[in-house]
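**Q** attaching a predicted model along with its sequence, questions to come.
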Amino acid sequence: MKQVSKLSQPLPAPSLPAQGYDENALIRLLQTRTGIVVRDHQRELLQTVVTEACEKFDYPSADDYVAVLNDASASGPEFQYLIERITVGESYFFRDPEQIQFLKTQWLPSLIERRRNGGRRLRIWSAGCSRGQELYTMAMLLREALPDLAEWNVHLYGTDINPQVLQDANRGAYTEWSFRATPDRLRERFFTPRGRQWAIDTALRRITNFAPLNLIQDNYPSVLYDIHSFDLILCRNVFIYFDQDAIQQVLQKFNRSLAPDGVLMLGAAEVVEAPSTELELRRAGPVFYFQRRGVPSTGDGVLVRKTPVPRPRQATPAPAHERRAQPDAAAARSRPPAATAPTTATIDALMHNQQWCEAMQAIDAHISQHGSSAELLAQKANVKANHGHLDEALALCDQCIELDALEKRAYFFRGMILAERGEFAAAEGALRKAIYVDPKFLEAHYQLAALALRKGQMSHALKNLRNALELAEAADPDAIACGAPGMTFGRLVQILRQEITMYRPDDRGAVA
Ligand SMILES: C[S@@+](CC[C@H](N)C(=O)[O-])C[C@H]1O[C@@H](n2cnc3c(N)ncnc32)[C@H](O)[C@@H]1O
């Protein structure tokens with residue numbers, strides 16, 4: 001066949017800078033959906049990105065592209081392109097040697113010692129994980145520190161707003177550039193050359209989980225998504241893109257997502273305060289980290305500055321769809337300490353608002369005046385599980401089932417807790433019972449999928465994800481999904497579709 005010379009093809013028309021759209025409105029939109037702030041010096045870059053996006057997605061004008069962004073979710077391709085170009089998803093293994101040294105020589109040994117005789121359970125979350133280098137670094141440190149790793153119940157989670165980088169993380173293949181701080185010995189131990197890339201050890205890939213999560217818009221802590229009671233949250237080089245409001249909002253959610261003695265670590269250069277949380281900034285040599293007030297320091301950490309006592313919560317107006325779903329929420333927030341027991345509507349509102357401590361007090365007050373019910377026991381189990389008190393949560397589930405054998409949430413929470421402990425067969429049994437009671441119990445289908453993924457049963461996982469997707473697609477896209485604030489069925493459909501794409505056997509198996 002005759003080769004067509006590249007030179008004989010018409011040259012592409014030079015891109016003209018995007019014009020005729022409201023730049024400030026676009027900047028506000030990006031900030032609301034993702035927390036990302038476009039600084040003044042990035043405005044020119046923004047123009048270029050909008051111009052290139054119009055070409056890439058074939059929009060006749062910048063106005064058309066921006067109009068689509070307005071209606072699109074932050075995880076749609078148009079938004080992703082913008083996020084990717086404005087932020088630098090750059091990451092590499094063993095980034096920031098001083099932090100790594102602290103984790104390796106102080107935090108990890110101290111945690112392992114505490115947990116060796118108490119549950120052998122470790123939970124680590126890399127929030128804004130990009131292509132997974134940070135989480136895999138933790139996996140390597142764990143593998144080195146724990147020769148008996150297989151006997152531990154280890155949960156390593158990586159989340160990012162960008163599904164594209166998560167696909168790469170799942171694939172686990174990296175170019176030379178990602179290894180610029182990796183000791184040779186560890187590269188040889190944990191990676192195999194594949195063409196021009198290096199593939200991570202399959203065993204390490206199996207103990208990690210990657211999933212999409214928008215730190216600003218999504219709901220966490222969440223038993224449903226297994227984002228709760230972490231021993232360590234790493235959120236490095238993400239806050240550099242956010243403004244103070246967004247940072248404080250995320251810090252509050254991190255605070256609630258930590259185990260009682262958990263640690264939060266930001267990037268080495270990111271020293272922020274967390275006045276509206278229970279978190280205190282501590283320092284171990286050159287390394288800063290956050291830990292709950294009153295908890296003994298990890299390693300040599302000393303208190304940097306006492307953060308002020310948390311201010312009472314501001315009654316911030318909830319988005320319209322949330323307001324519909326939580327009529328009693330504002331009342332619950334502003335109500336003085338109740339002389340009479342709080343109503344179940346107040347408890348629902350506190351739960352919905354994720355005010356766990358207040359919800360627990362309200363449940364106890366209600367039970368002491370009106371007696372127990374299966375529903376209240378299930379709610380109490382949920383709060384306990386979110387705080388990492390798994391034994392108490394499990395006992396509450398059992399009490400609940402004794403009171404009402406058809407309380408599906410008791411089976412559901414039971415399944416989640418057993419899965420957390422690595423008792424997979426019992427967990428599966430409990431989740432199946434929840435589905436037996438209610439075949440349309442979407443969360444239970446989703447958790448069965450998560451369980452199958454942990455066991456490496458991809459086809460089971462996909463089947464359960466598709467069941468969950470079918471149920472989510474049948475629901476009103478604007479309605480609140482699974483009682484989780486900020487999570488609509490429309491958003492859940494997107495998440496489930498992304499996960500199904502991510503776990504397709506040909507994607508996951510590419511490197512193994
Ligand atoms: C510079 S990378 C940091 C990667 C890694 N944590 C590290 O320090 O090497 C920043 C990551 O934050 C992610 N990100 C930005 N905004 C986010 C949001 N609202 N929710 C979740 N992830 C976000 C980006 O997609 C990007 O992958």
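**A** Thanks, I have the structure now. Since the structure is predicted, the reported quantities are computational estimates derived from the model, not experimental observations.
**Q** now the longest helix along the chain: mean pLDDT?
**A** Counting by DSSP state H, the longest helix found in the chain is helix 458-474. The average pLDDT within helix 458-474 is 90.
**Q** and for stretch 150-167?
**A** Across stretch 150-167, pLDDT averages out at 90.
**Q** not counting its neighbours along the chain, what's nearest residue 136?
**A** Leaving aside its sequence neighbours, residue 136 sits nearest to residue 200 (C-beta to C-beta, 6 or more residues apart in numbering; 5.7 Å). Glycine gets a C-beta too; all of them are placed from N, C-alpha and C.
**Q** dihedrals phi and psi, the one you found?
**A** phi -70, psi 150 (degrees, to the nearest 10).
**Q** same deal with residue 258?
**A** Main-chain torsions, residue 258, degrees, to the nearest 10: phi -90, psi 150.
**Q** for the stretch 201-350 of the chain, just list every one of the strands.
**A** For the stretch 201-350 of the chain, applying DSSP state E, counting those that start in this stretch gives strands covering 208-212, 230-235, 258-266, 279-284, 287-292, 302-305.
**Q** the second one vs the ligand: in contact?
**A** No - in terms of C-beta under 6 Å from any ligand atom, no part of strand 230-235 sits within range of the ligand; the closest distance is 6.7 Å.
**Q** what sits up against the strand or helix carrying residue 25?
**A** Per DSSP states H and E: residue 25 is located in helix 23-34. Outside of helix 23-34, the residues within contact range by C-beta atoms under 8 Å, 6 or more residues apart in numbering are 36-38, 43, 46-47, 50, 66, 69-70, 73-74, 79, 82-83, 86, 161, 214, 216-217, 243, 246.
**Q** got a quick ChimeraX command for the buried subset of those residues?
**A** The following ChimeraX line selects those of the contacts of helix 23-34 that are buried, judged by 16 or more other C-beta atoms under 10 Å:
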select :36,37,38,46,47,50,66,69,73,74,79,82,83,86,161,214,216,217,246
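**Q** output the contacting helices and strands for the helix or strand hosting residue 55.
**A** Following DSSP H and E, the helix or strand that holds residue 55 is helix 43-57. Applying 3 or more C-beta pairs under 8 Å, 6 or more residues apart in numbering; DSSP states H and E, one finds that helix 43-57 makes contact with helix 23-34, helix 62-71, helix 77-86.
**Q** what does the protein put close to the ligand?
**A** Going by C-beta under 6 Å from any ligand atom, the residues of the chain near the ligand are 34-36, 83, 87-91, 95, 128-130, 134, 160-162, 165, 214-216, 236-238, 241, 267.
**Q** which of those residues are buried?
**A** Listed as buried from the residues of the chain next to the ligand are 34-36, 83, 87, 89, 91, 95, 128-130, 134, 160-162, 165, 214-216, 236-238, 241, 267; burial here means 16+ other C-beta under 10 Å.
**Q** in helices, which of these appear?
**A** Among those, the members found in helices (DSSP H) are 34, 83, 134, 165.
**Q** so, low pLDDT: which residues of the stretch 351-500 of the chain?
**A** Counting by pLDDT under 70, the stretch 351-500 of the chain shows low-confidence ranges at 352-354, 483-486.
**Q** quote the end-to-end distance of stretch 283-295.
**A** From its first residue to its last, stretch 283-295 covers 14 Å (C-alpha to C-alpha, to the nearest Å).
**Q** that older thread, tell me which residues in the longest helix of the chain are buried?
**A** For helix 458-474, a neighbour-count test (16+ other C-beta under 10 Å) marks 460, 461, 462, 464, 465, 467, 468, 469, 471, 472 as buried.
**Q** just give the nearest non-adjacent residue to residue 499, would you?
**A** Residue 499's closest residue in space is residue 465 (C-beta to C-beta, 6+ apart), at 5.8 Å.
**Q** how close does the one you found get to residue 125?
**A** Counting by C-beta to C-beta, to the nearest Å, the gap from residue 465 to residue 125 is 21 Å.
**Q** what's the answer for residue 30, then?
**A** From residue 30 across to residue 125, the span is 24 Å (C-beta to C-beta).
**Q** any idea of the mean pLDDT in stretch 244-262?
**A** For stretch 244-262, mean pLDDT is 91.
**Q** ok, now stretch 89-101?
**A** The model assigns stretch 89-101 a mean pLDDT of 91.
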